[in-house]
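**Student:** sequence unknown, structure follows:
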């Protein structure tokens with residue numbers, strides 16, 4: 001008997017389609033023990049285009065997705081970690097330390113949720129396959145068609161689940177701040193920094209995220225010296241973290257009367273905004289230096305008549321945050337404080353976990369040697385990621401916010417690298 005066959009042939013019920021489905025589902029529980037995702041993968045069924053009505057093709061594609069999702073979630077480590085957390089939760093003195101207990105409880109809930117989702121997806125796949133086999137044995141065309149459509153829906157949704165599995169980090173689901181700072185090169189780099197910031201605003205809007213300008217310091221002639229935006233939405237940090245580093249532009253300068261080619265740099269930092277349920281670093285008022293100045297930056301013609309802009313310095317770490325885009329000093333102080341809190345939290349996370357600096361460094365830590373992407377507009381046109389070698393020959397689309405290809409290739413490469421290092 002093969003893995004995908006049943007021990008007994010069920011009697012066909014003389015019922016309507018809905019009742020028949022219930023009867024079939026009851027029968028399934030007696031037959032699923034011989035069928036696994038691993039068995040489907042081992043069968044090497046040919047994967048055809050989604051438009052082909054081939055249940056084996058759909059099943060094989062879904063099984064591959066489940067295998068990939070487990071790999072990305074580091075499934076074996078997840079199971080071990082979940083067992084350890086369960087043991088912690090069962091300790092009678094756990095809640096003697098409510099902060100620690102809350103952290104353990106949240107992590108356990110998050111991992112358990114991921115495990116349940118994957119197992120439910122596996123179970124759904126196996127049940128639909130058995131429904132098809134039962135329907136064929138009983139010559140029930142309606143039931144077979146219904147289950148085939150269900151497999152196709154699963155195959156489509158599995159791609160989204162693959163993507164979600166890339167973003168399994170603790171902060172990946174958070175909103176974030178994106179900061180851009182012009183590099184050396186004066187007006188050229190300031191103009192490039194403004195182009196980079198506009199690229200991220202357009203990318204965020206494409207994703208359906210809410211974008212708010214927190215701080216912006218204009219250049220003397222054009223562009224920006226630096227700027228910070230807040231990007232609100234699920235998994236904003238998980239995606240945007242792929243952009244941390246130095247972005248290099250090569251073009252004929254619009255500011256050079258001799259039309260010479262110039263190279264400009266802009267540095268990008270991404271900071272997660274921790275949720276209310278997360279542990280924040282306690283910031284004492286006595287550790288802060290609050291400075292007030294007039295909004296508007298260079299130029300002065302649009303400056304407020306009151307000193308409404310706020311800069312906050314966290315004296316122990318030297319971290320600063322500025323906001324001048326709100327209507328009042330009180331609002332600017334609240335926004336700057338939120339940015340400062342996120343930066344201090346991030347610094348503490350990096351210290352505790354000794355995380356890879358790639359995702360945690362602030363703008364002041366980024367060196368010009370950490371170039372991640374080149375944007376060439378002359379003498380040829382190309383944007384190339386120096387980490388993954390992913391490239392496109394249409395710079396305009398990239399500068400208009402089409403970053404998905406770069407972000408996904410980077411996230412995929414990072415996961416593969418993690419797997420190789422295990």
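**Tutor:** Done, it's in. Worth saying up front: this structure is predicted, and the values here are computed from it rather than measured.
**Student:** only C-alpha atoms for contact and neighbour calcs from this point on.
**Tutor:** Noted.
**Student:** So which elements touch the longest helix seen in the chain?
**Tutor:** Counting by DSSP state H, the longest helix found in the chain is helix 98-137. Packing partners of helix 98-137 (3 or more CA pairs under 8 Å, 6 or more residues apart in numbering; DSSP states H and E): helix 17-28, helix 55-72, helix 75-89, helix 141-166.
**Student:** hmm, 7 Å instead?
**Tutor:** Helix 98-137 sits against helix 17-28, helix 75-89, helix 141-166, with contacts defined as 3 or more CA pairs under 7 Å, 6 or more residues apart in numbering; DSSP states H and E.
**Student:** For that helix, buried residues please.
**Tutor:** Neighbour counts using 16 or more other CA atoms under 10 Å place 101-102, 104, 107-108, 111, 114-115, 118, 121-122, 125-135 of helix 98-137 among the buried residues.
**Student:** Low-confidence stretches in the stretch 201-350 of the chain?
**Tutor:** 276-279, 296-306 (pLDDT under 70).
**Student:** quick one, strands of it?
**Tutor:** 210-218, 224-232, 245-252, 261-273, 288-293, 309-314, 319-323 (DSSP state E, counting those that start in this stretch).
**Student:** Pull out the buried residues from the shortest one.
**Tutor:** Going by neighbour count (16+ other CA under 10 Å), the buried part of strand 319-323 is 319, 320, 321, 322, 323.
**Student:** With distance to residue 248 added, can I get the residues you listed in JSON lines?
**Tutor:** As requested, the buried residues of strand 319-323 are exported to JSON lines (distance: CA to CA, whole Å):
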{"residue": "319", "distance to residue 248": "26"}
{"residue": "320", "distance to residue 248": "26"}
{"residue": "321", "distance to residue 248": "25"}
{"residue": "322", "distance to residue 248": "26"}
{"residue": "323", "distance to residue 248": "27"}
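**Student:** And these, which is closest to residue 177?
**Tutor:** residue 321 (11.6 Å; CA to CA).
**Student:** Quick one: residues contacting that closest one.
**Tutor:** By CA atoms under 7 Å, 6 or more residues apart in numbering, residue 321 lies in contact with 311, 312, 313, 336, 339, 340.
**Student:** Quick check: bridge partners of it?
**Tutor:** residue 312 (DSSP bridges).
**Student:** What distance do you get for it to residue 86?
**Tutor:** 40 Å (CA to CA, to the nearest Å).
**Student:** Report the central residue of this protein.
**Tutor:** By CA atoms, centre = their mean, the mean C-alpha position of the chain lies nearest to residue 238, the distance being 2.4 Å.
**Student:** any idea how far it lies from residue 177?
**Tutor:** 12 Å.
**Student:** what residues are up against residue 331?
**Tutor:** Counting by CA under 7 Å, 6+ apart, there are no residues that residue 331 touches.
**Student:** Any idea how far stretch 61-79 is from the middle of the chain?
**Tutor:** Distance of stretch 61-79 from the chain centroid (CA atoms, centre = their mean, to the nearest Å) equals 17 Å.
**Student:** How about stretch 219-232?
**Tutor:** For stretch 219-232, the distance to the chain centre is 23 Å (CA atoms, centre = their mean).
**Student:** So which bits of it are buried?
**Tutor:** 219, 222, 223, 224, 225, 226, 227, 228, 229, 230, 231, 232.
**Student:** wait, the fourth one sits on residue 195?
**Tutor:** Spelled out, it's residue 224. No. Counting by CA atoms under 7 Å, residue 224 stays clear of residue 195, with 9.2 Å between them.
**Student:** Which members of the buried residues of stretch 219-232 are the farthest-apart pair?
**Tutor:** So for these, where distance means CA to CA, the most widely separated pair is 222 and 232, at 27.8 Å.
**Student:** Which one, of the strands of the stretch 201-350 of the chain, ends up nearest to residue 384?
**Tutor:** strand 245-252 (10.1 Å).
**Student:** what does the closest one rub up against?
**Tutor:** In contact with strand 245-252 (CA under 7 Å, 6+ apart) are residues 259-269, 366, 368, 370-378.
**Student:** so how far is it off the chain centroid?
**Tutor:** That offset, for strand 245-252, works out to 24 Å (CA atoms, centre = their mean).
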